[in-house]
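Undergrad: give me the fold of what follows.
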Amino acid sequence: MTPSAYVSPSSGATPATEPEPPISTVKYGDVLEREISFNGRVIPLPAGTWRVVASLPGTDTNHVTIDVKALANESEGKLRGLVLLVGNDETTPSPTGFRADANCERSDVIFTKLVRNEDFGDQRCYYVDLLITDVQESSSPQPNTLLRAAFGDLDERRVTVPSTMLGAMFRYASHERLLIAKFFFNPEVEGITPSTKVAWLDNDWNKYNLARNLDKSRYVQRLEAWAAKWDTILQLVWTGQTSTAVTETDRALPKSPLRP
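TA: Here you go, the predicted model:
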């Protein structure tokens, strides 16, 4: 899986230093439950307590303010979940729009749901796949600054990070606005055995290996059901509609029908 979250139309250029990004009300080290205020929107969070482990606001070459945050759900020194958020501030709309995300159209990830993926236009998609937390074993050749900062915080506080996490990744964009929300879970906290091979292609969680791992296949089914529900929830958030309250049942992965 390619972990890069945001692609600027001119990503090879030197980032602009002016204007300074506004100070976010949510800061590094804050602990949240149920929701987070992010760039003029309220993003619901999965069940549990979430600590902001990285906050990297900045501006791109078009002076568009891009906020980037990572939140971790921890228990007994173990990482249970990770949320990554990327988006531009409503006061600095993009003059050009955003590049299409190739991940939305990959055939080698576990699951994809594509509605639109227009270059510099409307985009709506989500996909489910694994995240290799070891950079050396990742399928992506590009480093991810947000993940590096998040894992650096967790390592400093001696929080154990699993070698593989499973996630649902959502992308919404218009000509002016962008919202990327990625939700990763640690299957090991439910007693599921980790993959003996970590590399993306050989990993038990890889799409092409799931059929040989029944417990992992069942877990993925649950995650896909959760992602379908949250696509509806996040689409309401994206369009600014008033949605019904997110229930505690919505926040947790559904129980597998094969595993009462």
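
Undergrad: gap between stretch 65-80 and the chain center?
TA: Centre-to-centre, stretch 65-80 and its host chain are 10 Å apart (Cα atoms, centre = their mean, to the nearest Å).

Undergrad: buried set for it?
TA: 65-74, 79-80 (16 or more other Cβ atoms under 10 Å). Backbone N, C-alpha and C define where each C-beta goes, glycine included.

Undergrad: dump these to JSON lines, plus pLDDT.
TA: Formatted as JSON lines, these follow (pLDDT from 0 to 100):
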{"residue": "Thr65", "pLDDT": "85"}
{"residue": "Ile66", "pLDDT": "89"}
{"residue": "Asp67", "pLDDT": "92"}
{"residue": "Val68", "pLDDT": "94"}
{"residue": "Lys69", "pLDDT": "96"}
{"residue": "Ala70", "pLDDT": "97"}
{"residue": "Leu71", "pLDDT": "98"}
{"residue": "Ala72", "pLDDT": "98"}
{"residue": "Asn73", "pLDDT": "97"}
{"residue": "Glu74", "pLDDT": "97"}
{"residue": "Leu79", "pLDDT": "97"}
{"residue": "Arg80", "pLDDT": "97"}
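
Undergrad: adding secondary structure and distance to Asp202, write the residues you listed out as CSV.
TA: CSV is the format used below for the buried residues of stretch 65-80 (DSSP: H, G, I helix; E, B strand; the rest coil; distance: Cβ to Cβ, whole Å):
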residue, secondary structure, distance to Asp202
Thr65, strand, 40
Ile66, strand, 34
Asp67, strand, 36
Val68, strand, 30
Lys69, strand, 32
Ala70, strand, 27
Leu71, strand, 30
Ala72, strand, 27
Asn73, strand, 28
Glu74, strand, 28
Leu79, strand, 22
Arg80, strand, 25
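
Undergrad: now flag whichever of these is closest to Gly58.
TA: Compare each of the buried residues of stretch 65-80 with Gly58 using Cβ to Cβ and the shortest gap goes to Ile66, at 5.8 Å.

Undergrad: nearest spatial neighbour of the closest one, skipping sequence neighbours?
TA: Excluding the flanking residues, the one nearest Ile66 by Cβ to Cβ, 6 or more residues apart in numbering is Asn88, at 5.4 Å.

Undergrad: can you give me the helices in the stretch 1-150 of the chain?
TA: 145-156 (DSSP state H, counting those that start in this stretch).

Undergrad: now do the strands in it.
TA: Taking DSSP state E, counting those that start in this stretch as the criterion, the stretch 1-150 of the chain contains strands spanning 31-38, 41-55, 58-59, 65-75, 78-88, 111-117, 123-132.

Undergrad: worst average pLDDT in the ones you listed?
TA: Note on the strands of the stretch 1-150 of the chain: lowest mean pLDDT is at strand 58-59, with a mean of 84.

Undergrad: listing partners with orientation, what would you give for that strand?
TA: strand 65-75 (antiparallel) (DSSP bridges).

Undergrad: rebuild the strands of the stretch 1-150 of the chain as JSON lines, extending it with distance to Asp101.
TA: Output for those, formatted as JSON lines (distance: least, Cβ to Cβ, whole Å):
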{"stretch": "strand 31-38", "distance to Asp101": "19"}
{"stretch": "strand 41-55", "distance to Asp101": "19"}
{"stretch": "strand 58-59", "distance to Asp101": "20"}
{"stretch": "strand 65-75", "distance to Asp101": "15"}
{"stretch": "strand 78-88", "distance to Asp101": "11"}
{"stretch": "strand 111-117", "distance to Asp101": "6"}
{"stretch": "strand 123-132", "distance to Asp101": "7"}
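
Undergrad: closest to Lys27 among the buried residues of stretch 65-80?
TA: Lys69 (9.7 Å).
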